[in-house]
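1. coordinates only, sequence not included:
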């Protein structure tokens, strides 16, 4: 054990603490206020949530700081109404992967009609925003059919979300889902021609960034012989093929072997967000779970 570690005391995984702080932030609390309530340095919370410059995001915390942050509850921080952007996106993302409002309502202590109503209001109760963040963190990577939702209900929900162009959980990062100015990342490659083909192959709604990137790809090759251009297009489409499925399968296996998301992503040579996106896009089947 290093001298620095002995001085700080034992370290614990920061991920559960990070999720808890994100849930408080979804209820309208800034991380500086959370840090103050926990009597923890603001820089500690900042480095746990975000990547500071070239340094990696904090992966481990002292037991004392972890306990202090976990002891802060939402009613210590925020009351009243908060912006509903994050709540709306969380509901739509869960519906996009097959969670109907009538299954979300009981988890939130709400009638299913109010779950839908949240999507049409600019403000929502902080308590509701917090409950939604907790529920979202619990369900975003779970297959509804394996947790009490009938295949028919899940598929109806997915089709409804797809018809409305709602991004799934995979399209949002924890750092951006509550930011009204943020845009969803549908494919892991949005804004590129590869992203365009992922949209096409996975039959997810086309985003404007990928549509523009594909048009630019075509424009850049306007002077190429049509046969060669078509061959290049077929190659680009093939390159976007099965990598997502492979990442999801390998990622689940690494997690079963004891890796956390960060470790599994590092082993696969991708970012944590990319791994989470592929896990959402390619849900575990009942056969794989068995």
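-> Here it is on my side, so go on. Since the model is a prediction, treat every value here as computed from it, not as a measurement.

2. Please count neighbours and contacts with C-alpha atoms only from this point.
-> Noted.

3. Please look at residue 63 and residue 17 and confirm they touch.
-> No: with contact defined as Cα atoms under 8 Å, residue 63 and residue 17 do not form a contacting pair (10.6 Å).

4. And these two? Which one has more around it.
-> residue 17 (23 against 16; other Cα atoms under 10 Å).

5. May I have the phi/psi pair for that one?
-> Main-chain torsions, residue 17, degrees, to the nearest 10: phi -70, psi -40.

6. wait, isn't it in contact with residue 71?
-> No: between residue 17 and residue 71 there is no contact under Cα under 8 Å: 9.9 Å.

7. What is the end-to-end distance of stretch 267-275?
-> 11 Å (Cα to Cα, to the nearest Å).

8. what sits up against that stretch?
-> 173, 188, 247-248, 251, 261-262, 265-266 (Cα atoms under 8 Å, 6 or more residues apart in numbering).

9. and what of stretch 95-115?
-> By Cα under 8 Å, 6+ apart, the list of residues contacting stretch 95-115 reads 91, 94, 116, 128, 131-132, 135, 143-144, 149, 153-162, 166-169, 280.

10. mind redoing it with 7 Å?
-> The contact list for stretch 95-115 (Cα atoms under 7 Å, 6 or more residues apart in numbering) reads 116, 131-132, 135, 144, 154-155, 157-158, 161-162, 166-168.

11. Most neighbours out of the residues you listed, which is it?
-> Of all those, the highest neighbour tally under other Cα under 10 Å goes to residue 168, namely 28 neighbours.

12. Could you check how far that residue is from residue 83?
-> In this structure, residue 168 and residue 83 are separated by 20 Å, where distance is defined by Cα to Cα.

13. for residue 163, same thing?
-> Taken as Cα to Cα, the span from residue 163 to residue 83 is 25 Å.

14. So which of these two has more stuff around it?
-> The residue with more neighbours, out of residue 163 and residue 83, is residue 83; 20 against 12, by other Cα under 10 Å.

15. count of neighbours near the residue nearest to that one when sequence neighbours are not counted?
-> For residue 83, the nearest residue in space outside its immediate sequence neighbours is residue 123; the separation is 4.7 Å by Cα to Cα, 6 or more residues apart in numbering. Here the neighbour count serves as a burial measure; for residue 123 (other Cα under 10 Å) it reads 17.

16. contacting residues for the residue lying closest to residue 59 once chain neighbours are set aside?
-> Of all residues not flanking residue 59 in the chain, residue 14 sits nearest, at 5.2 Å (Cα to Cα, 6+ apart). For residue 14, the contacting residues are 59-61, taking Cα under 7 Å, 6+ apart as the criterion.

17. ranking those residues by neighbours, who comes first?
-> Of the contacts of residue 14, with other Cα under 10 Å as the count, residue 61 tops at 21 neighbours.

18. part of a strand, is that one?
-> Yes: with DSSP: H, G, I helix; E, B strand; the rest coil as the criterion, residue 61 is assigned to a strand.

19. In contact with it, which residues?
-> Counting by Cα under 7 Å, 6+ apart, the residues that residue 61 touches are 11-14.

20. Could you work out the most separated pair of those residues?
-> Set against one another by Cα to Cα, those have their most distant pair in 11 and 14, with a gap of 8.8 Å.

21. Give the residues shared as contacts by those two.
-> Common neighbours of residue 11 and residue 14 (criterion: Cα under 7 Å, 6+ apart): 60-61.

22. and residue 219, how many residues sit next to it?
-> Neighbouring residues of residue 219 were enumerated by other Cα under 10 Å; the total is 10.

23. Wasn't it part of a helix?
-> Yes: with the criterion set as three-state DSSP, the secondary structure at residue 219 is a helix.

24. quick one: it from residue 212, how far?
-> With Cα to Cα as the criterion, residue 219 and residue 212 are 10 Å apart.

25. can you give me the strands for the stretch 51-200 of the chain?
-> Taking DSSP state E, counting those that start in this stretch as the criterion, the stretch 51-200 of the chain carries its strands at 60-62, 81-83, 123-125.

26. can I get those strands in CSV with mean pLDDT and distance to residue 38?
-> Shown next, in CSV, are the strands of the stretch 51-200 of the chain (pLDDT from 0 to 100; distance: least, Cα to Cα, whole Å):
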stretch, mean pLDDT, distance to residue 38
strand 60-62, 91, 13
strand 81-83, 85, 22
strand 123-125, 87, 23
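
27. Dump these to TSV, plus distance to residue 110.
-> Formatted as TSV, the strands of the stretch 51-200 of the chain follow (distance: least, Cα to Cα, whole Å):
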stretch	distance to residue 110
strand 60-62	35
strand 81-83	16
strand 123-125	12
